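Novice: Fold the following.
(one chain, ligands or ions: 1)
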Amino acid sequence: MNFQWYPGHMTKAKRQMQEDIKLIESGYRACGCKNPLSSRNPDIDELGKNKYRLILMNKADLADKERTREWSAFFKEKGFFVVSLDARSKSGMKSITDIVMEACKEKIERRPESVGIKNRPVRAMVVGIPNVGKSTFINSYAGKACAKTGNKPGVTKGKQWIRLNKSVELLDTPGILWPKFEDQTVGLRLALIGSIKDEILNVDELAVELVKFLKAEYPGLLAQRYEVSEENDIIELISAVAVNRKCLSKGGEPDYSKAAALIIDDFRSGKLGHITLERPEI
Ligand code: GDP
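Specialist: Below you'll find the predicted structure:
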């Protein structure tokens with residue numbers, strides 16, 4: 001399967017971000033805990049260099065806790081402030097303000113005394129690829145529904161400043177996804193977590209890749225959830241899921257594609273367990 005996705009509005013989003021980033025002192029780079037590496041965007045890293053210091057590792061509730069700890073240590077080692085969180089939960093948002101203040105401490109101290117900006121709120125923005133939970137985070141952080149959220153990639157549109165509290169002012173920006181993945185494994189992982197529109201994906205093939213990964217990295221999970229044998233080859237295994245889960249076509253036959261979609265949904269929603277797709281290279 002060849003993954004490529006670069007909707008027209010993304011070019012515009014990148015230009016917009018180039019402008020927006022000039023306005024801020026600090027950035028929150030959001031990524032998914034399930035794939036911290038492939039959910040980073042080289043364009044964003046380039047645009048935000050010297051700006052973002054804080055990595056929000058979101059959807060921690062869906063990820064493998066041990067791997068999240070490894071990733072957190074890895075990013076800290078590289079000089080970032082790191083928070084892992086479930087953006088849907090409002091608890092822990094106060095500690096994020098403390099961390100962003102800490103991350104900006106030097107910048108605040110270097111502000112000129114004379115121009116009356118010493119005590120101005122820190123201006124920040126959330127950046128990241130679609131579907132990592134940027135809007136959800138902003139809603140929770142701001143304590144009210146001030147940013148649109150949705151479960152489809154690319155839903156965050158337009159920009160807005162949000163006065164969060166006396167310390168932080170936040171600019172909401174659209175996510176950006178790079179046009180071509182040199183490494184198709186990256187494309188595959190993004191597709192698996194739902195950051196590429198499902199309409200352009202071959203769900204059957206995606207499920208094959210997911211099952212291959214799970215059999216190797218999380219043996220026993222598929223057997224446990226679907227009561228299938230992991231000794232089977234992948235196609236047989238997915239067919240067995242169709243039978244056991246009554247994924248049937250109109251004629252009452254086991255429907256392979258429905259089973260494939262079910263496995264992907266269960267993975268995305270966390271029903272298959274706490275799974276992380278990649279490890280830091282230590
Ligand atoms: P954005 O495109 O980055 O702004 O992503 P959204 O904020 O629209 O979130 C995408 C989907 O992920 C929505 O269905 C959210 O409810 C869900 N979501 C966001 N944060 C979390 C989280 O921490 N945990 C889980 N399980 N789901 C989340």
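Novice: SS state for Tyr28?
Specialist: Per DSSP: H, G, I helix; E, B strand; the rest coil, the secondary structure class of Tyr28 is strand.
Novice: wait, isn't Asn35 in contact with Arg279?
Specialist: No - counting by Cβ atoms under 8 Å, Arg279 is not a contact partner of Asn35; they are 10.6 Å apart. The way it works is simple: take the backbone N, C-alpha and C, and place the C-beta from them, glycine included.
Novice: Check which helices and strands the lowest-mean-pLDDT helix or strand in the chain is in contact with.
Specialist: Every helix and strand of the chain was ranked by mean pLDDT, DSSP states H and E. The lowest is strand 160-163, at a mean of 72. Other elements packing on strand 160-163 under the criterion 3 or more Cβ pairs under 8 Å, 6 or more residues apart in numbering; DSSP states H and E are strand 168-172.
Novice: Is any residue of the strand it packs on near the ligand?
Specialist: No - shown here: strand 168-172 not in contact with the ligand (Cβ under 6 Å from any ligand atom), separated by at least 8.5 Å.
Novice: Let me see the mean pLDDT of that strand.
Specialist: Strand 168-172 comes out with an average pLDDT of 75.
Novice: what's the distance between it and the middle of its chain?
Specialist: 19 Å (Cα atoms, centre = their mean, to the nearest Å).
Novice: Distance check, Leu277 against Arg189.
Specialist: Distance, Leu277 to Arg189, using Cβ to Cβ, to the nearest Å: 5 Å.
Novice: what is in contact with those two at once?
Specialist: Listed as contacting both Leu277 and Arg189 by Cβ atoms under 8 Å, 6 or more residues apart in numbering are Asn35, Ser38.
Novice: Which residue is it, in the stretch 1-150 of the chain, that comes closest to the ligand?
Specialist: Residue nearest to the ligand within the stretch 1-150 of the chain (Cβ to the nearest ligand atom): Gly133, separated by 2.9 Å.
Novice: Count residues in the vicinity of that residue, would you?
Specialist: 24 (other Cβ atoms under 10 Å).
Novice: residues in contact with it?
Specialist: Contacts of Gly133 (Cβ under 8 Å, 6+ apart): Ala30, Gly32, Asn58, Lys59, Ala87, Arg88.
Novice: Point out the ones among the residues you listed that are inside strands.
Specialist: Counted as lying in strands by DSSP state E, out of the contacts of Gly133, are Ala30, Gly32, Asn58.
Novice: report the angle between the axes of the top helix by length along the chain and strand 26-32?
Specialist: If you go by DSSP state H, the chain has its longest helix at helix 93-109. For helix 93-109 against strand 26-32, the angle by axes from the mean of the first three to the mean of the last three Cα atoms, to 10 degrees is 140 degrees.
Novice: May I see the buried residues of helix 93-109?
Specialist: By 16 or more other Cβ atoms under 10 Å, the buried positions in helix 93-109 come out as Met93, Ile96, Thr97, Ile99, Val100, Ala103, Cys104, Ile108.
Novice: Nearest to Gly79 among those residues?
Specialist: Ala103 (10.4 Å; Cβ to Cβ).
Novice: hang on, the earlier thing: any chance of the contacts of Gly133 in CSV with neighbour count, distance to the ligand and pLDDT as columns?
Specialist: What follows is the contacts of Gly133, written out as CSV (neighbours: other Cβ atoms under 10 Å; distance: Cβ to the nearest ligand atom, whole Å; pLDDT from 0 to 100):
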residue, neighbour count, distance to the ligand, pLDDT
Ala30, 29, 6, 85
Gly32, 29, 9, 89
Asn58, 28, 5, 93
Lys59, 27, 4, 94
Ala87, 24, 4, 91
Arg88, 14, 5, 91
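Novice: For the nearest residue to Gly32 once chain neighbours are set aside, what is the enclosing helix or strand?
Specialist: Take Gly32 and drop its neighbours on the chain: the residue closest to it by Cβ to Cβ, 6 or more residues apart in numbering is Ser39, 4.4 Å away. Assigned by DSSP states H and E, Ser39 belongs to neither a helix nor a strand.
Novice: do you know how far Ser39 is from Val132?
Specialist: Distance from Ser39 to Val132, by Cβ to Cβ: 6 Å.
Novice: joint contacts of these two?
Specialist: Common neighbours of Ser39 and Val132, using Cβ under 8 Å, 6+ apart, are Cys31, Gly32, Ser195.
Novice: ok, so of the residues you listed, who is nearest Leu170?
Specialist: Distance to Leu170 across these (Cβ to Cβ) is lowest for Cys31, with 17.5 Å.
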